[in-house]
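Engineer: here you go, sequence then predicted model.
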Amino acid sequence: MKRKLIPLILILSLVLCGCGSGAKHPDWAGDWTVIAPFLASEGTEDFTFGESADTLGLGGVYYATWTNGDKRDFTNSKGESTLIFNSQIYVVAEECRTEADAEQSLTAWMARERQNYSCGETYEVTVGGQTYTILPMLEGKESNPYPFGCAAFTRFGTNAVCVELVCSDTFTGGPGYVLEMFLHSLHYHE
């Protein structure tokens, strides 16, 4: 009886200590934030890691957040209150079945940004060998607590990734520059 339990205990131990299928890639440092099985971040000194989740109610969708500055109250033009930061970074990653599915997700995410913001012309940057389409978000809708920002979109194999920097009215600096510095913290693996 005891010998039958040993393999079960070993498997359970591997899963609980992170050595199962969700383990970190061996090249990733222990203090990096794993966003998705294919994506991790070193973080940056200007942003504090907030939270992450392995799904957003759907299999294969992951997110993580980082914040900058202290929380403060914000009330929009509709009288709705919330707490906001000086700026915030959101990373959403989706495992798709095909490259075409990943491209569809990126197109949908970019369209959603265009619904929430008046946007500038897109441009491309390559960071760490990964090419991103950058969308400057120039002016948010009236009820948006973050009136401007910048978003980056990329496909990594069959995976779609969106990195969004949203900025409050107290943010100083260039959103494109700050976003690009965060992109340097990201690491991908097959």
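Structural biologist: Yep, that arrived.
Engineer: how close does T75 sit to E94?
Structural biologist: Noted for T75: a distance of 33 Å to E94, by C-beta to C-beta, to the nearest Å. Every residue, glycine included, has its C-beta placed from N, CA and C.
Engineer: so between the two, which is more surrounded?
Structural biologist: More crowded of T75 and E94, by other C-beta atoms under 10 Å: E94, with 22 against 10.
Engineer: I figured that one hits Y63, correct?
Structural biologist: No. With contact defined as C-beta atoms under 8 Å, E94 does not count as touching Y63 (9.6 Å).
Engineer: near G173, how many other residues are there?
Structural biologist: 12.
Engineer: what's it sitting at in phi/psi?
Structural biologist: In terms of degrees, to the nearest 10, the main-chain angles of G173 are phi 120, psi 180.
Engineer: what element comes up after the biggest strand by length in the chain heading to the C-terminus?
Structural biologist: Under DSSP state E, the strand in the chain containing the largest number of residues is strand 130-140. Reading on from strand 130-140 to the C-terminus, the next helix or strand found by DSSP states H and E is strand 148-156.
Engineer: what ranges do the strands span in this protein?
Structural biologist: 33-36, 39-41, 48-53, 61-68, 72-75, 81-84, 87-95, 117-119, 123-127, 130-140, 148-156, 159-167, 186-188.
Engineer: summarise which helices and strands the longest one is packed against.
Structural biologist: Helices and strands touching strand 130-140, as assessed by 3 or more C-beta pairs under 8 Å, 6 or more residues apart in numbering; DSSP states H and E, comprise helix 99-116, strand 117-119, strand 123-127, strand 148-156, helix 175-183.
Engineer: and among these, the most buried is which?
Structural biologist: strand 148-156 (a mean of 23; mean count of other C-beta atoms under 10 Å).
Engineer: hmm, back to that, least reliable of the strands of the chain going by mean pLDDT?
Structural biologist: Confidence, taken as mean pLDDT, is least for strand 48-53 of the strands of the chain (a mean of 87).
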